[in-house]
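Trainee: sequence first, then the predicted structure:
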Amino acid sequence: MEYFKTGLKSVLGAPLQGSSPPTGAETVERLVDRVQHSTLLDDRRDACRALKSLSKQYRVEVGAQAMDALCQVLEMDRADGEIVSYALDTLCNVMSSEVFEEEEHPDVYQSSKTSLGEQFTEIFMKQTDNIGLVLGFLEEYDFQVRWPALKLLTSLIHNRPRDLQDIILVSPMGVSKLMDLLGDSREVIRNDALILLTHLTKGNANIQKIVAFENAFDRLFDVMADEGYADGGIVVEDCLAIVHNLLKHNTSNQNFFKEGSYIQRLSPMFSLPNDNEDISWSSQKVNNILSSLQVIRMLVMPGNPAQVTSSCQRTIRSSGILEALCGILMASGVPVDVLTETINAVAEIIRGNLANQEYFLTVMAPSKPPRPAIVVLLLSMVNEKQPLELRCSVLYSFQCYLYKNEVGQAQLVQTLLPSSAEVGTGTTGELLVAGLLSGHMLSTWLSAVALSHALVENPAQKEQLLRVALATGPGAQPVTLLQQCSSILQQSTNVQSKVGILMLLAMWLSHCPLAVRDLLNTPSCIPYLTAQVGANEHQEHEELLQGLCAFLMGICVIFNDDSVPSYTRDSLCQLVSKRVGQDVFLDKLGEVSKHELYSKAHKHPQLQATSPEFVLLDHEFCKLFKALEGMVVKAVSPKDAGLHNGGTELTLTATESSLLLQYKELIRSQDNQIQEMRRQLHQYEIERQGSQMQIEELSATVSQLRDQTRLLSAAANTGVTSTLSSDINKLSISNQDNLSKCSELEDELDKLRKDQEDLLVLLADQDTKLMKYKTRLKQLGEKVESDDDDDQRNAEEP
Amino acid sequence: MSYAYLFKYIIIGDTGVGKSCLLLQFTDKRFQPVHDLTIGVEFGARMITIDGKQIKLQIWDTAGQEAFRSITRSYYRGAAGALLVYDITRRETFNHLTTWLEDARQHSNSNMVIMLIGNKSDLETRREVKKEEGEAFAHEHGLIFMETSAKTAANVEEAFINTAKEIYEKIQEGVFDINNEANGIKIGPQHSPTNPNLPQSGQGAGQGGGCC
């Protein structure tokens, strides 16, 4: 401290003699003035150094007065590494989230909600350019510049994560500059960059994608490999935290992770040395493995898109990770938190993936004689001495094993059937039934729920399970499992066990009229349920219990085939309305979904319980409840409305409902037909449009052709007709010639005819004269020739 | 799953020109007629074969909307190839090409191979941009050019593969520095020495190619 004071003196000059020493605020003011107005770089640099040394003790003063001056230094004096380094350090101190010991007024802003560092951060970040400046200094290789710039960014992201993410996202190459730091050979910088990236990638999908694009996975796996994977230090955990952030709810990155074969690069994390006894489980190693398991789970968790999950499940199996994890399951000396998380991871890797489920079934525990791992796990589940988390995770793995696995479900029920050869060898089914009857509340609950998962959406197994009978004692009549459940329900004093049994029964009876009939035939069961629903006393969780009883009664109404005369649909409904009252019944039913654990259980398949009393509701049951609640409400509600319009679907008798089913089937097939016809119609429509177009095209060509013809004929006409008409002209002219000639000839002919007539008249005259002369001659006695002679004479005469 | 090279692509261009559809057609061989706006970027991958070598394509399909421009710029630098897409039925998407190209040239490494794509070639009746115009633009700016249809899959394979061929040729010519991952090119695992834990040190030795 003395050193600083003398240093300060030399910077500020000796204090004036006789006056009181300057206050912190005054000193800061003078230094700021010097930083802003000194013309010499050396002076500015000294002032900056002094500000830095005061920035912890007089944090408020420095932050309030020097901010602008320091930003100005970053802007104007960026060429000088030393002064930049002082300015960055000072800003770092001012905006730090921690409270320094030597701070003058550590309590100044403690009354307000935001800390001092946060408030200064806000002021600093109002100028977006400031962040660009700091990012620019990351490119400076000089350690005394790069490191404080990195530390400053870490402080900023700590105080205002969202704002800084948004600014970095839009600053040119912002993310790239940060990513380049991972390649820095100076470990301090690389490690601090990892921490900054952890915060930066939290909850911002766009940054996550850019970081992944900038080869983050490669670089992170390189770092982890260098550090020795699971045996590495906290740096490995930091790397895994970033990988985890990059994959969280980010389908694009999950795809990239899978496609880039990074799943395979995770496998060294899980390789244990062959000699299990030698493994030292340091807390860091535990953390590293836990983080790796969480990365794996991020790829296959139930909320992911189905195709991502299933392809990742395949890759995890083919890369040998599933095998390695099963190895950890069966290894000895594994810490319980690692074991629990491994079981959870295995659960999600096999969930809904038949190949992986089948593999899981074949895993054997290295005991003598070897037993299936699944049996060993169930043994832990029904063992009261095991930790709760472990037991819950075993339930989860079992539930995931049965999820969408009809074969697995059938195999489980098969182990309980009388025909099964291996009796008493500790099969999965027997373990569960033993757990069910154990009388330990948690074991009963867990076993009941595990068993119920064998019945999910599997009507065949619901009926098979009815055949299961238990020998209660030597010589005693065997009791069916259903009857046994009913008697546990009535005899147990424990809410948890009862809830478990009720959930099992609800799953069992739903959509299974045979099971409903068996339960209705079980003595004192319905009276018990009625009494529970109608009861008024409320102990802890009693409301839930009563609600579940109401739900079970409702199921007995809905799926009732009226084969038990004393408890038909109608009589059960009357029981509800007379003994309990509709309103009370519905109130009780509503208690289930109102329960605090209901929404939590409904949201996620995994049971997440921190203590045994929170183990109450199961995910699959909640799904069933949600699906059937409405039907139950309708089924027990007054039928007035129903009578008017012929009853609802739920109040129909068996024949009616079968009729209804027929009609439904008919409608469905008609629907299909309509679909098919629509499709055909669509096809025809397309074809029609095609033909239409063709027609249009053709008609277009036709009209075109027609035009052409017209055009051609026009052209042709002008040529041909002219010659023709000239011909015709010629002909007609010659014709006229002929005509005129003809008329001339006729004229001539006429003339000739007239001449001839004249001549004939003359001839006739001559004839008469001749006759006269003949007669005179005769009279005169002259001999006259005959007529013939006359004619001859006449002819000779002319 | 092993590959000789890995190339990183980006797909850029105005919104609605069919970038995501091109990717979907290439990776999944299907067409989605509904326009589902891309937010930020989406990832897709496929393996192809060039010159008898397996090449893995990692493709980042970017959002075309202006609002995402500053985000999508971050992807230029690390890409080896870019598909610059316009829509032949919307002239304005063609008119914006210059802006896109300037942006890409400014932020990418200078060797990035750019393929110009006129998409929606199935909609011939609504065509607003002639094929010759696309060709001319590509010629003028030194790009490869193709017209594709993400709907009918016409030329989609070819567009992605020809881009890869161009990059591959540039590698053969030694234009690309394959040891610098910022170029968007990676050498496959079997090309580096047996120890997969030390990929950086291994890659340089195997290839006599570029140096830093």
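Mentor: All right, it came through fine. Just so it is clear, the structure is predicted and the values come from calculations on it, not from any experiment.

Trainee: please count neighbours and contacts with C-alpha atoms only from this point.
Mentor: Will do.

Trainee: for chain A, what are the low-confidence residue spans?
Mentor: A:1-20, A:105-114, A:274-279, A:419-425, A:472-474, A:537-540, A:639-654, A:719-722, A:784-798 (pLDDT under 70).

Trainee: same check, this time on chain B
Mentor: Short version for chain B, where the test is pLDDT under 70: B:1, B:190-212.

Trainee: strands of that one, residue ranges please.
Mentor: B:5-13, B:41-50, B:53-62, B:81-87, B:113-119, B:144-147, B:185-187 (DSSP state E).

Trainee: what's the lengthiest helix in chain B packed up against?
Mentor: Ranked by number of residues, the top helix in chain B under DSSP state H is helix B:156-173. Judged by 3 or more CA pairs under 8 Å, 6 or more residues apart in numbering or on different chains; DSSP states H and E, helix B:156-173 is in contact with helix B:19-28, strand B:41-50, strand B:81-87, strand B:113-119.

Trainee: which residues of the stretch 151-300 of chain A lie near chain B?
Mentor: Proximity of the stretch 151-300 of chain A to chain B, by CA under 8 Å from any CA of the partner chain, involves residues A:169-173, A:175-176, A:206, A:209-210, A:213-215, A:222, A:225-226, A:252-253, A:255-256, A:259.

Trainee: among the residues you listed, which are in helices?
Mentor: Filtering those for helices - DSSP H - leaves A:169-170, A:175-176, A:206, A:209-210, A:213, A:222, A:225-226, A:252-253, A:255-256, A:259.

Trainee: gap between the residue nearest to residue B:35 when sequence neighbours are not counted and residue A:778?
Mentor: Leaving aside its chain neighbours, residue B:35 sits nearest to residue B:16 (7.2 Å; criterion: CA to CA, 6 or more residues apart in numbering or on different chains). Using CA to CA, to the nearest Å, one gets 143 Å for the distance from residue B:16 to residue A:778.

Trainee: more neighbours: those two, which one.
Mentor: residue B:16 (20 against 12; other CA atoms under 10 Å in any protein chain shown).

Trainee: was I right about the more buried one contacting residue B:63?
Mentor: No - using CA atoms under 8 Å, residue B:16 is not in contact with residue B:63, being 9.4 Å away.

Trainee: okay, now the residue in the stretch 401-550 of chain A that chain B sits nearest to: neighbour count?
Mentor: Relative to chain B, the nearest point of the stretch 401-550 of chain A is residue A:404 (26.2 Å; CA to the nearest CA). Residues within reach of residue A:404, counting by other CA under 10 Å, total 20.

Trainee: same question, residue A:548
Mentor: Residue A:548 has 26 nearby residues by other CA under 10 Å.

Trainee: the one 3 residues further on now?
Mentor: As a burial measure, residue A:551 scores 28 neighbours (other CA under 10 Å).

Trainee: name the nearest residue to it, sequence neighbours excluded.
Mentor: residue A:589 (6.1 Å).

Trainee: mind telling me what element the one you found is part of?
Mentor: Assigned by DSSP states H and E, residue A:589 belongs to helix A:582-594.

Trainee: can you give me the distance of the residue most central in space within chain A to chain B?
Mentor: Chain A has residue A:305 as the residue nearest its centroid, 4.5 Å off, counting by CA atoms, centre = their mean. Distance of residue A:305 to chain B, given as CA to the nearest CA, to the nearest Å: 14 Å.

Trainee: which residues does that residue contact?
Mentor: Contact analysis of residue A:305 by CA atoms under 8 Å, 6 or more residues apart in numbering or on different chains lists residue A:251.

Trainee: list phi and psi for it.
Mentor: Note on residue A:305: its backbone torsions stand at phi -60, psi 140 [degrees, to the nearest 10].

Trainee: number of residues surrounding residue A:49?
Mentor: Using other CA under 10 Å, residue A:49 has 23 other residues around it.

Trainee: and if you look at residue A:781?
Mentor: Residues near residue A:781, counting by other CA under 10 Å: 9.

Trainee: likewise residue A:341?
Mentor: 21.

Trainee: equivalent analysis for residue A:357, please.
Mentor: Neighbours of residue A:357 using other CA under 10 Å come to 23.

Trainee: and the residue lying closest to residue A:309 once chain neighbours are set aside, what does it touch?
Mentor: Spatial nearest neighbour of residue A:309, excluding adjacent residues (CA to CA, 6+ apart): residue A:300 at 4.6 Å. Residue A:300 sits next to A:308, A:309, A:310, A:312, A:313, A:348, A:349 when contact means CA under 8 Å, 6+ apart.

Trainee: so how far is chain B from residue A:300?
Mentor: Applying CA to the nearest CA to residue A:300 and chain B gives a distance of 18 Å.

Trainee: next, that residue: phi, psi?
Mentor: Dihedral angles for residue A:300 - degrees, to the nearest 10 - are phi -120, psi 10.

Trainee: and what of the one 4 residues further on?
Mentor: Its backbone dihedrals place residue A:304 at phi -70, psi 160, with angles given as degrees, to the nearest 10.

Trainee: thought it was touching residue A:249?
Mentor: Yes - here residue A:304 reaches residue A:249: they are 7.4 Å apart, a contact under CA under 8 Å.

Trainee: show me what the host helix or strand of residue A:508 is packed up against.
Mentor: Taking DSSP H and E as the criterion, residue A:508 maps to helix A:495-509. Using 3+ CA pairs under 8 Å, 6+ apart, the elements in contact with helix A:495-509 are helix A:441-452, helix A:481-491, helix A:513-521, helix A:542-558, helix A:619-636.

Trainee: alpha carbons of the fourth one, as PDB, please.
Mentor: When you say that, I think you mean helix A:542-558. Output of helix A:542-558 as PDB, limited to C-alpha atoms (Å, rounded to 0.1, in the frame of the first residue of the first chain):
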ATOM      1  CA  GLU A 542     -56.100 -38.400   1.500                       C
ATOM      2  CA  GLU A 543     -57.700 -36.200  -1.100                       C
ATOM      3  CA  LEU A 544     -55.500 -37.800  -3.800                       C
ATOM      4  CA  LEU A 545     -56.400 -41.200  -2.500                       C
ATOM      5  CA  GLN A 546     -60.100 -40.500  -2.700                       C
ATOM      6  CA  GLY A 547     -59.800 -39.000  -6.100                       C
ATOM      7  CA  LEU A 548     -58.100 -42.100  -7.400                       C
ATOM      8  CA  CYS A 549     -60.800 -44.300  -5.900                       C
ATOM      9  CA  ALA A 550     -63.400 -42.100  -7.700                       C
ATOM     10  CA  PHE A 551     -61.400 -42.500 -10.900                       C
ATOM     11  CA  LEU A 552     -61.300 -46.300 -10.500                       C
ATOM     12  CA  MET A 553     -65.100 -46.400  -9.900                       C
ATOM     13  CA  GLY A 554     -65.500 -44.300 -13.100                       C
ATOM     14  CA  ILE A 555     -63.400 -46.800 -15.000                       C
ATOM     15  CA  CYS A 556     -65.700 -49.600 -13.700                       C
ATOM     16  CA  VAL A 557     -68.600 -47.700 -15.100                       C
ATOM     17  CA  ILE A 558     -67.100 -46.900 -18.500                       C
END
